[in-house]
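Undergrad: Output the structure for:
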Amino acid sequence: MNPKLLRICWADQITSDPKEAADFYSDLLGFGQLPVDEPNDRVSYCLTNDKDEEIFGIVDEINFKGWTPGWVLYFEVDDFEAQCKRAEDLGGTIISKGSNQCLIRDPAGAPIVLNPIGAYEEKAVEQDVEPDA
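TA: Residues are numbered from 1 along each chain as shown. Okay, the predicted model is just below:
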């Protein structure tokens, strides 16, 4: 049986210069910026549309140690625990796992995050996942 992918619920861009990336997307596409305080006096950004809805994040690479700059997609799935295991069975590597997020490196090396149903909607994504150093 194939799992049910409910939706792509979020996207983050991992970068060494979140302000520069946030400015680029804001200038190019007209997004607003919400600063988000990060460890070590760093700042990431949540970009918003004209209704102040959060669209995607620009994240300081300090949150994703060992990753190359680029995009990470967050997928909302049913049967969260089974999907995390299935990712490993299919050649993915679990980098870190919390109660509502599982950070995975796919077989090609790209990062993805699995979230259980509703976890991202509720903003229950309290970053209980700490990437391994």
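Undergrad: Surely L73 touches D106?
TA: No: between L73 and D106 there is no contact under Cβ atoms under 8 Å: 10.3 Å. (Each C-beta comes from the backbone N, C-alpha and C, glycine too.)
Undergrad: Next, show the common contact partners of these two.
TA: I112 (Cβ atoms under 8 Å, 6 or more residues apart in numbering).
Undergrad: Give me the average confidence score over stretch 39-56.
TA: The pLDDT scores in stretch 39-56 average 89.
Undergrad: what does stretch 100-117 give?
TA: The average of the pLDDT scores along stretch 100-117 is 92.
Undergrad: So for that stretch, what gets flagged as buried?
TA: N100, Q101, C102, L103, I104, R105, P111, I112, V113, L114, N115, P116 (16 or more other Cβ atoms under 10 Å).
Undergrad: what distance separates that stretch from the middle of the whole chain?
TA: Stretch 100-117 sits 8 Å away from the centroid of its parent chain (Cα atoms, centre = their mean, to the nearest Å).
Undergrad: ok, the buried residues of stretch 100-117 vs E61, which is closest?
TA: Using Cβ to Cβ, P111 comes nearest to E61 of these, at 11.5 Å.
Undergrad: Can you tell me the closest non-neighbouring residue to that closest one?
TA: Distances taken as Cβ to Cβ, 6 or more residues apart in numbering put V72 closest to P111, at 4.3 Å, once the chain neighbours are dropped.
Undergrad: The one you found should be in a strand, yeah?
TA: Yes: counting by DSSP: H, G, I helix; E, B strand; the rest coil, V72 falls inside a strand.
Undergrad: Show me where this protein has its helices.
TA: Using DSSP state H, the helices of the chain run over 18-29, 80-89.
Undergrad: quick one: average pLDDT of the last one?
TA: Across helix 80-89, pLDDT averages out at 94.
Undergrad: Now do the buried residues in that helix.
TA: Buried-residue list, helix 80-89, by 16+ other Cβ under 10 Å: F80, Q83, C84, A87.
Undergrad: Next: the first one.
TA: Of the residues in helix 18-29, those scored as buried under the neighbour-count criterion (16+ other Cβ under 10 Å) are P18, A21, A22, Y25, S26.
Undergrad: Cheers, nothing more for now.
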